[in-house]
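>>> 3D, please:
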Amino acid sequence: MGVDRFKPLGPPASYTGMATSMTLQPVLLIRTWLRRMTPFVWVIGLTIGLLACSKSSQLGTGSQKKLRVSVGEIKEISVPSRGDNSVELIGTSDNQEVVEVSRQQLAPAVDTLKRTGASPTVFQIKGVTVGTANVIFSAKPMNATGSGQPLRTYIVQVVAK
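As a prediction, this is how the structure comes out:
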């Protein structure tokens, strides 16, 4: 008679029940594994992203402090130094138009033969014009090249009187 339109057609003759389950099994295993591992991948990715954006990404800046200075005002900052005089302490400003950094010049004592070197080094920060500058204090070995190891960073804001 004819073909029954409502009767579902089965798989083609080339597919048998055994062959179909064997070819779909690896696909189902991979799909199941991916569904189960997706939350872990998200957690790991989020953790890596947060660690990359953390404050510790500012390597080599030392401790940071904020300082507010008026134009023309001089603030003194003491930086601890080692007593063996093998390390030179340096203070630099990234914007010398706003802030000047210099060492405090002390008059020599009467007895200049004995140097202990255990006292801290005193730097002077002077506000020149209104603005913001980063002042970095670093230590480097004597007669070495480069900027040295940052010890402390000041974010100096110079304001009008």
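>>> please, where are all the helices along the chain?
For the chain, helices defined by DSSP state H occupy the ranges 17-52.
>>> okay, and for it, where does confidence drop off?
Counting by pLDDT under 70, the chain shows low-confidence ranges at 1-24, 53-62, 82-84, 105-118.
>>> now do the contacts for E100.
93, 125-126, 128 (C-beta atoms under 8 Å, 6 or more residues apart in numbering). From N, CA and C alone the C-beta is placed, and that goes for glycine too.
>>> again, only this time at 7 Å
For E100, the contacting residues are 126, 128, by C-beta atoms under 7 Å, 6 or more residues apart in numbering.
>>> swap in L151?
62, 79, 137-139.
>>> neighbour count and distance to N85 for these - can I get that in CSV?
Shown next, in CSV, are the contacts of L151 (neighbours: other C-beta atoms under 10 Å; distance: C-beta to C-beta, whole Å):
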residue, neighbour count, distance to N85
G62, 16, 21
V79, 16, 15
F137, 21, 17
S138, 22, 17
A139, 20, 12
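>>> relative to L29, which of those residues is nearest.
Nearest to L29, judged by C-beta to C-beta, of those is G62 at 52.8 Å.
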